[in-house]
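[1] Kindly return the folded structure for what I paste below:
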Amino acid sequence: MAEFDVDLFVIGGGSGGVRAARIAANYGAKVMVAEEYRMGGTCVIRGCVPKKLFVIGSHVHQEIEDAAGFGWSIGQVSFDWATLVANKDKEIARLEGAYTTNVEKSGAKIVKTRAVLEDAHTLRLATGEKVTAKYILIATGGAPNHGPAVPGIEHVISSNEAFHLKELPKRIVIQGGGYIALEFAGIFAGFGSDVSVIYRGDNILRGFDEDVRKHVRAEMEKRGITIITGCTVTKVDKHGRDFTAHLSSGSSIAADQVMFAIGRHPNVANLGLETAGVAINPANGGIQVDGWSKTSVDNIYAVGDVTHRTNLTPVAIREGHAFADTVFGKRPVQVDHATIPTAVFSQPEVGTVGLTEQEARAQFAHVDIYKADFRPIKATMSGRDTRVLMKLVVDGASDRVLGCHIVGDAAAEITQAVAIAVKMKATKADFDATIALHPTASEELVTMRTPTARHVRQAAE
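    Residues are numbered from 1 along each chain as shown. So this is what the prediction gives:
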């Protein structure tokens, strides 16, 4: 009789958990995955995938407007929100099916129920069944966090509900200044909504390069999005189908919807973590793990947003794969969390990898900045008032490119390729030696020869 029912029990059927389950099963492990909602997790069901579909859809109106400059005469057009939502739902259902099929093809078993830890090796399912496992992986992700309760917070929606609204709001107030808030601001504005963004900080995109923050804000405001910083929503009143968002400044904004996108918290509640002895990281509220994704309990691991390390889907996938390689493939792999590329699918789009100018100047004595701010070729014909930002941050001593920051069309696609060079520690001379691909916006990255700024910190005497 086997000592345990399974070799690996995964709590959570999102990107990180699914990758770990499939790879472990491929190594011959007996694997069970518990998912209480839908396979695919946040990214597939209510995150990056549906978000990107909405972003693409919201671009169409601008493309139609820009077409006139290229000789196209397009007649009356209309948009139907319900059709967009229905088609999005079909695609998400297809992807959920693919996730399920791929897990089952690997030999792992899926149980559509909640699982709670009873001890380090025992899980209790919501069905009443108990399962024992040699190893347990927690990959329950995160959820929207509305922050401190304010009067009327029950009327506020999150990004979860935004994907399922019955109709497009004519006016929407969005509180937040990060990825999700700005992405939805662009989405709703693209579809014709009147959008107001409220953020408590001095500028949006906290943690990003300062030039990126200024550029994105200016471009969003050109597109008619109202951005109010140094302010918060203190109260939400409901009047029939309408709402009023009261601000800390004393003013108020009428809206059809009020959305909070101020951050996410790890899904750690009611999992039996304390019972099993799994520690929480006091610094971020996520499950505390080491470099191998191991928790405070030797046979229990955690990956993805539930650890609150780097909350990005590809990171969760890499962590899940590394866990399976290490534990079941006997190929020890640690995930390198440095120099991770990321994108904000705002409008305009942001792609970034490596250090910001501020981070580089804090770490290096000599930092050179190369920056280009220009009108894209498309705008010369469309007449649209928009500009692209390209920025390289370079260690002046070694010539190594420390960071790359792009704002404009296809910023994410360009950054994915540039991230390879940055990860390989390419130098500015390597960039300069690369022949430009013309005419493209990204050729600026290999044609910028003269620093726009040079920061040299004098050594202490």
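
[2] hmm, who's touching stretch 179-190?
    51, 54-55, 57-62, 159, 162, 168-169, 172, 174-176, 195, 197, 199, 204-205, 216, 220, 223-225, 259, 261-262, 344-347 (CB atoms under 8 Å, 6 or more residues apart in numbering). Backbone N, C-alpha and C define where each C-beta goes, glycine included.

[3] taking the mean pLDDT, what do you get for the longest helix along the chain?
    Looking across the chain with DSSP state H, the single longest helix is helix 81-105. Average pLDDT, helix 81-105: 96.

[4] Which strands or helices does it pack on?
    In terms of contacts (3 or more CB pairs under 8 Å, 6 or more residues apart in numbering; DSSP states H and E), helix 81-105 is packed against helix 15-26, helix 41-46, helix 48-67, strand 109-111.

[5] Most tightly packed of the ones you listed?
    Mean neighbour counts were compared across the helices and strands packed on helix 81-105 using mean count of other CB atoms under 10 Å; the top stretch is helix 15-26, at a mean of 27.

[6] How about residues contacting that one?
    7-8, 10-11, 31, 33, 35, 39-41, 43-44, 99, 102-103, 106-108, 137, 139, 141, 303-304, 313, 316-317, 319-321, 323-325, 327-329.

[7] all strands of the stretch 151-300 of the chain, in order?
    In the stretch 151-300 of the chain, the strands defined using DSSP state E, counting those that start in this stretch lie at 171-175, 194-199, 226-229, 233-239, 242-247, 252-255, 257-260, 264-266, 300-302.

[8] Give the other helices and strands that the fourth one contacts.
    In terms of contact count using 3+ CB pairs under 8 Å, 6+ apart, strand 233-239 is assigned the packing partners strand 242-247, strand 257-260.

[9] how about those in CSV, adding distance to Val85 and mean pLDDT?
    Shown next, in CSV, are the helices and strands packed on strand 233-239 (distance: least, CB to CB, whole Å; pLDDT from 0 to 100):
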stretch, distance to Val85, mean pLDDT
strand 242-247, 21, 97
strand 257-260, 14, 98
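
[10] Find the one among those strands with the highest mean neighbour count.
    Mean neighbours per residue, mean count of other CB under 10 Å, is largest over the helices and strands packed on strand 233-239 for strand 257-260, with a mean of 25.

[11] How is the chain partitioned into domains?
    Domain assignment for the chain by the TED database gives 6-141+267-328, 145-262, 348-456.

[12] Quick check: which of those is nearest to Val335?
    The minimum distance between Val335 and these falls on domain 6-141+267-328, with 5.0 Å, by CB to CB.

[13] that older thread, from the contacts of helix 15-26, which land in helices?
    Counting by DSSP H, the part of the contacts of helix 15-26 found in helices is 41, 43-44, 99, 102-103, 313, 316-317, 319-321, 323-325, 327.

[14] Now for those: which two are most distant?
    The span of the ones in helices among the contacts of helix 15-26, defined through CB to CB, is set by Val44 and Val327 at 24.8 Å.

[15] The stretch 351-461 of the chain: helices as residue ranges?
    Taking DSSP state H, counting those that start in this stretch, the helices of the stretch 351-461 of the chain run over residues 357-363, 377-382, 411-423, 428-433, 444-447.

[16] Make CSV out of those and add distance to Thr232 and mean pLDDT.
    Below are the helices of the stretch 351-461 of the chain laid out as CSV (distance: least, CB to CB, whole Å; pLDDT from 0 to 100):
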stretch, distance to Thr232, mean pLDDT
helix 357-363, 25, 98
helix 377-382, 35, 96
helix 411-423, 29, 98
helix 428-433, 42, 98
helix 444-447, 38, 97
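
[17] Same list as before, those that is, but in TSV and with mean neighbour count included.
    Output for the helices of the stretch 351-461 of the chain, formatted as TSV (neighbours: other CB atoms under 10 Å):
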stretch	mean neighbour count
helix 357-363	16
helix 377-382	14
helix 411-423	18
helix 428-433	15
helix 444-447	19
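
[18] Tell me which of the ones you listed approaches Arg457 most closely.
    Evaluated over those, closeness to Arg457 peaks at helix 357-363, with 7.5 Å, by CB to CB.

[19] Against which helices or strands is that closest one packed?
    Judged by 3+ CB pairs under 8 Å, 6+ apart, the packing partners of helix 357-363 are helix 210-222, strand 366-374, strand 388-395, strand 401-407.

[20] any idea of the mean pLDDT in the third one?
    The predicted model gives strand 388-395 an average pLDDT of 98.

[21] which other residues reach that strand?
    209, 211-212, 215, 348, 354-357, 360, 364, 366-376, 400-409, 428, 431, 441-442, 444-445, 448, 451.

[22] Pull up the pairing partners for it, direction included.
    strand 366-374 (antiparallel), strand 401-407 (antiparallel) (DSSP bridges).

[23] how far out from the middle of the chain is the last one?
    The one in question is strand 401-407. Centroid separation for strand 401-407 versus its chain: 18 Å, with CA atoms, centre = their mean, to the nearest Å.

[24] Stretch 76-85: which residues count as buried?
    For stretch 76-85, the neighbour count (16 or more other CB atoms under 10 Å) marks 84-85 as buried.

[25] can you tell me the distance between the two ends of that stretch?
    Distance across stretch 76-85, first residue to last, is 22 Å (CA to CA, to the nearest Å).

[26] how far does stretch 428-437 sit from the chain's center?
    For stretch 428-437, the separation from the chain centroid amounts to 30 Å (computed by CA atoms, centre = their mean).

[27] Please save the CA atoms from it in CSV.
    Below are the C-alpha coordinates for stretch 428-437, written out as CSV (Å, rounded to 0.1, in the frame of the first residue of the first chain):
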residue,chain,number,x,y,z
LYS,A,428,25.7,50.0,-25.6
ALA,A,429,28.4,49.2,-28.2
ASP,A,430,26.6,46.0,-29.0
PHE,A,431,23.4,48.0,-29.7
ASP,A,432,25.4,50.5,-31.7
ALA,A,433,27.0,47.8,-33.8
THR,A,434,23.5,46.5,-34.8
ILE,A,435,22.3,47.8,-38.1
ALA,A,436,19.0,49.6,-37.9
LEU,A,437,15.8,48.1,-39.4
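
[28] So Arg171 is in contact with Ala255, correct?
    Yes. Assessed by CB atoms under 8 Å, Arg171 is found in contact with Ala255 at 4.5 Å.

[29] what's near enough to touch the residue nearest to Arg331 when sequence neighbours are not counted?
    Counting by CB to CB, 6 or more residues apart in numbering, Arg331 lies nearest to Asp325, which is 4.5 Å off, once chain neighbours are set aside. Shown in contact with Asp325 (CB under 8 Å, 6+ apart): 23, 331-333.
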